[in-house]
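**Q** sequence-free structure coming up:
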């Protein structure tokens, strides 16, 4: 049973617009969440994280929102740039991040010029 | 070199072959991981090594045999694999285990004929 779900396999947006990538989780013990970005022929790279004590974390154009009651998090990219085109993985961990990461299947984002 | 380096980047092998994947990290990390990425599936954790000792084996078949001779090197020995083992194998490293930010290599694309 998948504990971390990214239900949209792909997303296409126009350059300059907002990209919203969604992630749902089922394990209520998860309390630390990360987003990774993966370009073709490269390994995933860490993008941004959030702890369950917060509901928002921002880093430049990237903001992650956490809704614990809905067991839902989202990654917002504003404004989107063609270089943001990649596969985005959501990952979660329990016990303040001390447990192993559980990944979603990923969402492929395409930002069109 | 910096970061996490994986070799070979591509490998084609028959079911009776024996081959090895190599991973090297130059980050001073003390934990190393093997992940498997199959098409349309989440990243699956296979093995975790902390301070050169295996701390996790995620029910991986014995035809996959990891080896960690020191904190900078990690191998995955492959023997009598099946076609369904064809996947991208990603190595990662971190400071400590758990959800500390992982640094991934670019992966080894394995095809089993």
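**A** Arrived safely, thanks for sending. Note that the coordinates shown come from a computational prediction; the quantities given were computed from them, not determined experimentally.
**Q** ok, residue A:63 to chain B distance?
**A** According to CB to the nearest CB, to the nearest Å, residue A:63 stands 18 Å off from chain B. Quick note: C-beta positions are derived from backbone N, CA and C, even for glycine.
**Q** My guess is that residue contacts residue A:57. True?
**A** Yes - between residue A:63 and residue A:57 there is a contact under CB atoms under 8 Å: 7.0 Å.
**Q** joint contacts of these two?
**A** residue A:48 (CB atoms under 8 Å, 6 or more residues apart in numbering or on different chains).
**Q** neighbour count winner among those two?
**A** Counted by other CB atoms under 10 Å in any protein chain shown, residue A:63 and residue A:57 do not tie: residue A:63 has more neighbours, with 18 against 15.
**Q** Tell me which other helices or strands the helix or strand of chain A with the lowest mean pLDDT touches.
**A** One helix or strand of chain A scores below all others by mean pLDDT, DSSP states H and E: strand A:102-103, with a mean of 92. Strand A:102-103 sits against strand A:86-94, with contacts defined as 3 or more CB pairs under 8 Å, 6 or more residues apart in numbering or on different chains; DSSP states H and E.
**Q** so how many other residues sit close to residue 60?
**A** Just going to use chain A. 8.
**Q** nope, chain B please
**A** Residue B:60 has 17 neighbours, counted by other CB under 10 Å.
**Q** List the contacts of residue B:56.
**A** Contacts for residue B:56 (CB under 8 Å, 6+ apart) come out as A:100, B:45, B:47-48, B:97.
**Q** for the one helix or strand it maps to, which positions count as buried?
**A** Per DSSP states H and E: residue B:56 is located in strand B:53-57. By neighbour count on 16 or more other CB atoms under 10 Å in any protein chain shown, the buried set for strand B:53-57 is empty.
**Q** Stretch A:102-113 now?
**A** Neighbour counts over stretch A:102-113 (16+ other CB under 10 Å) mark A:102-107, A:109, A:111 as buried.
**Q** what does the least confident helix or strand of chain A rub up against?
**A** So strand A:102-103 is contacted by A:3-4, A:27, A:30, A:36, A:89-93, B:42-43 (CB under 8 Å, 6+ apart).
**Q** try 6 Å this time
**A** A:3-4, A:89, A:91-92, B:42-43 (CB atoms under 6 Å, 6 or more residues apart in numbering or on different chains).
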